[in-house]
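>>> Would you be able to build a 3D model of this:
(one chain, ligands or ions: 1)
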Amino acid sequence: MKRRVAAGLLALACLLILTGAARFSDVPEGSWYAQPVGEMAAKGLISGYPEGVFGPGDPITAAQFVAIAARCAGLAPVPGQTGHWAAGSLQAALQAGWYDWDEIPPTGERFDQPISRQLAVKILMRALLPQARGDYNTESRKIRDFSQLDGRYYEPVLAAYASGVVSGDNLGNFNPQNGLSRAEACVMFLQAIRRSGGVQTPTAVPEPPPPAAAAQGGVSEHGWLQVIGTQLCGEDGQPVVLRGMSSHGIQWYGQYASPQSIQNTAQYGANLFRVAMYTGENGYLSNPAAIRQKVIQAVDGAIACNLYVIIDWHILSDGDPMTCVTQAEAFFAEMAERYRDQPGVLYEICNEPNGAVTWEGNVKPYAQRVIAAIRKSSPRSVILVGSPTWSQDIHLAAQSPLEEDNLMYTLHFYAGTHGEELRRRVDSALAKGLPVFVSEWGTSRADGSGGVFLEESAQWLDFLDRRGISWANWSLCDKNETSAALRPGTSPDRAWSREDLSQSGAFVFSRFAMS
Ligand code: IDC
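Numbers count the residues shown, from 1 in each chain. Predicted coordinates for the structure are as follows:
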């Protein structure tokens, strides 16, 4: 009986998710748009506004429409001309010929204006059904107000009618100059997706630059790092931005922390590598001798490639760093001694505190002890400090920072899960003088999969670039999850080409060398 109730509840929960009713407070179950809005959301093609509302009756803007079309068609963003959140997708769509520059000028003045139905249909057809055609005589007869249509839209509108993507209102009018609501747009997108045989797998991921002979911006160029104000700087006091990859857990995917894999990453322009040493999950604490060797091998490999390298004490399921503070002190004391003359080594002392931990009660006292252990041998190396809630609570650190010099505070994000709210947190932490380092981020959802969310990722990276914030992407491995940078089966022991990179990897590798 109990099991039946549970099964019933599960079915109800699934239904709520499918209908969208659970997702958006303004999409009532049973409304004509609940199903299409829910389906688009379930496919990850729309996400609504931050407050959990969708705005089904709002006219859809040009930027919103193009961004959704880009997501459906797998069109990756390219650098846009403005700081608008969708500038990258709009620029890519313009370059793909989905519309002309005068229809939505790339300078942005019409990005946030309602899009006309005729232009929306043109973009939709070019994005999803570029081969579709409609016979003039047959289709134009179906459109009562055909004379209202501008000539440049004849072809796509006729094709849309012929393929059943749109139909007129109850008077048979298309109303080409009017706008359309966000809910109507969902219906239209779904029709086009169905006829195009499903959501496209992205193909237009930007090409990473060809591998260069050696990494730019590496240790030989910048030397010992230092933190000045909130900015990471080189030995000469000039700002430095580090960009690169994090390994996956080296107890599982240690092969991609090999000298060849690190060199491959460096040759695409990275100047940073992060060695993720899980403590739990069969990591260091279960097998210290072997894992320590892997860390040393990876750090030495990165140094040999002229990269900066982060030694990451990767607490995750063991959420309270204090639980193993003694082991952490001993480990970091040894590493700091070993690498005391190496300007390239950074120490990340607690990946992601989580669960019932507080900044004041757990993380800060832990940091004080481990920083002291490192400083005995490495007085000037940069140390990265996490915060509660998987290193998202930098606002707590900002209220009560540590005293020592050359510290930075880590902020971790996953583009499919975290957005504006966390970005605001970064800005307010910076405004309070807290130096921020994004030592881990992913193009996926926070669970390491889903997406990939390249548009959201580009928005994040643009944000970080504007602030000179360094980053490492999760993760350099071939695991079958979307955050992985390599295609399954990629060899860690030879050079990589574009074909070896996943969608995420191709995108991330194309962003290393941005200045
Ligand atoms: C994930 C891996 C996944 C693994 C899981 C548990 O991608 O393959 O099964 O850990 O070990 C983090 C963590 C990072 C997570 C990642 C994605 O630092 O270890 O990796 N993530 O879930 N914080 C937020 C997201």
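>>> Could you export stretch 448-463 as PDB, keeping only the C-alpha atoms?
Provided in PDB are the C-alpha atoms of stretch 448-463 (Å, rounded to 0.1, in the frame of the first residue of the first chain):
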ATOM      1  CA  GLY A 448      28.600  17.500 -13.700                       C
ATOM      2  CA  SER A 449      26.100  16.700 -16.500                       C
ATOM      3  CA  GLY A 450      23.200  18.200 -18.500                       C
ATOM      4  CA  GLY A 451      23.500  20.800 -21.100                       C
ATOM      5  CA  VAL A 452      26.100  21.800 -22.200                       C
ATOM      6  CA  PHE A 453      25.200  25.400 -21.400                       C
ATOM      7  CA  LEU A 454      27.600  27.300 -23.700                       C
ATOM      8  CA  GLU A 455      25.700  30.500 -23.800                       C
ATOM      9  CA  GLU A 456      25.500  30.700 -20.000                       C
ATOM     10  CA  SER A 457      29.200  29.700 -19.900                       C
ATOM     11  CA  ALA A 458      30.200  32.400 -22.300                       C
ATOM     12  CA  GLN A 459      28.300  34.900 -20.200                       C
ATOM     13  CA  TRP A 460      30.200  33.800 -17.100                       C
ATOM     14  CA  LEU A 461      33.500  33.900 -18.800                       C
ATOM     15  CA  ASP A 462      32.900  37.300 -20.300                       C
ATOM     16  CA  PHE A 463      32.000  38.500 -16.800                       C
END
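>>> Could you check which residue of the protein lies nearest the ligand?
residue 448 (3.0 Å; Cβ to the nearest ligand atom). To be clear about C-beta, it is placed using only N, CA and C from the backbone, and glycine gets the same treatment.
>>> Share the number of residues neighbouring that residue, please.
16 (other Cβ atoms under 10 Å).
>>> How about residue 224?
Neighbour tally, residue 224, other Cβ under 10 Å: 16.
>>> Give me the nearest residue to it, chain neighbours excluded.
Excluding the flanking residues, the one nearest residue 224 by Cβ to Cβ, 6 or more residues apart in numbering is residue 343, at 4.2 Å.
>>> my read: that neighbour touches residue 220, true?
No. If you go by Cβ atoms under 8 Å, residue 343 and residue 220 don't touch, sitting 9.4 Å apart.
>>> How about residues contacting stretch 360-369?
320-322, 325, 328-329, 349-350, 353, 357, 385-388, 396-397, 400, 402 (Cβ atoms under 8 Å, 6 or more residues apart in numbering).
>>> backbone phi and psi for the closest residue to residue 513 other than its chain neighbours, please?
Leaving out its chain neighbours, the residue that sits closest to residue 513 by Cβ to Cβ, 6+ apart is residue 269, at 3.2 Å. Main-chain torsions, residue 269, degrees, to the nearest 10: phi 110, psi 0.
>>> And for residue 269, the neighbour number?
Using other Cβ under 10 Å: residue 269 sits among 22 other residues.
>>> sorry, back to before: sitting in helices, which of the contacts of stretch 360-369 do you find?
325, 328-329, 388, 396-397 (DSSP state H).
>>> right, and residue 53 touches residue 25 too?
Yes. Contact criterion Cβ under 8 Å: residue 53 and residue 25 qualify, at 5.6 Å.
>>> Low-confidence ranges, this protein, go.
Residues of the chain meeting the criterion pLDDT under 70: 1-22, 199-206, 210-215, 514-515.
>>> where does it come near the ligand, residue by residue?
281, 316, 351-352, 390, 412, 414, 440, 446-448, 474, 479, 481, 483 (Cβ under 6 Å from any ligand atom).
>>> Would you mind checking those residues for buried ones?
Buried by 16 or more other Cβ atoms under 10 Å: 281, 316, 351-352, 390, 412, 414, 440, 446, 448, 474, 479, 481, 483, out of the residues of the chain next to the ligand.
>>> Would you mind telling me which of residue 343 and residue 220 has more residues around it?
Each of residue 343 and residue 220 has its neighbours counted (other Cβ under 10 Å); residue 343 has more, 20 against 11.
>>> how about residue 276, what does it touch?
Residue 276 neighbours (Cβ under 8 Å, 6+ apart): 246-250, 312, 314, 351, 440, 475.
>>> tell me the SS of residue 274?
strand (DSSP: H, G, I helix; E, B strand; the rest coil).
>>> Would you agree it is in contact with residue 312?
Yes. Applying Cβ under 8 Å as the test, residue 274 and residue 312 come out as touching, 5.5 Å apart.
>>> Common neighbours of these two, please.
246, 348, 439.
>>> May I see these arranged in CSV, with neighbour count and distance to residue 182 as well?
Formatted as CSV, the shared contacts of residue 274 and residue 312 follow (neighbours: other Cβ atoms under 10 Å; distance: Cβ to Cβ, whole Å):
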residue, neighbour count, distance to residue 182
246, 28, 37
348, 27, 42
439, 28, 37
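>>> In strands only, show me the residues you listed.
246, 348, 439 (DSSP state E).
>>> Could you single out the nearest of the residues you listed to residue 512?
residue 246 (13.1 Å; Cβ to Cβ).
>>> ok, and the closest non-adjacent residue to residue 135?
Here the residue nearest residue 135, using Cβ to Cβ, 6+ apart, is residue 162, at 6.8 Å.
>>> Relative to residue 285, how far out is that neighbour?
Here residue 162 is placed at a distance of 64 Å from residue 285 (Cβ to Cβ, to the nearest Å).
>>> do the same with residue 31
In terms of Cβ to Cβ, residue 31 sits 52 Å off from residue 285.
>>> does the nearest residue to residue 270 once chain neighbours are set aside sit in a helix, a strand or a coil?
The shortest distance from residue 270 to any non-neighbouring residue, by Cβ to Cβ, 6+ apart, is to residue 244 (3.6 Å). Here residue 244 is recorded as strand under three-state DSSP.
>>> picking that back up, contacting residues for the residue nearest to residue 224?
219, 223-225, 235, 381 are the contacts of residue 343 under Cβ under 8 Å, 6+ apart.
>>> Tell me which stretches of this structure form strands.
226-228, 231-233, 243-247, 272-278, 308-314, 345-348, 383-385, 407-414, 436-442, 471-476.
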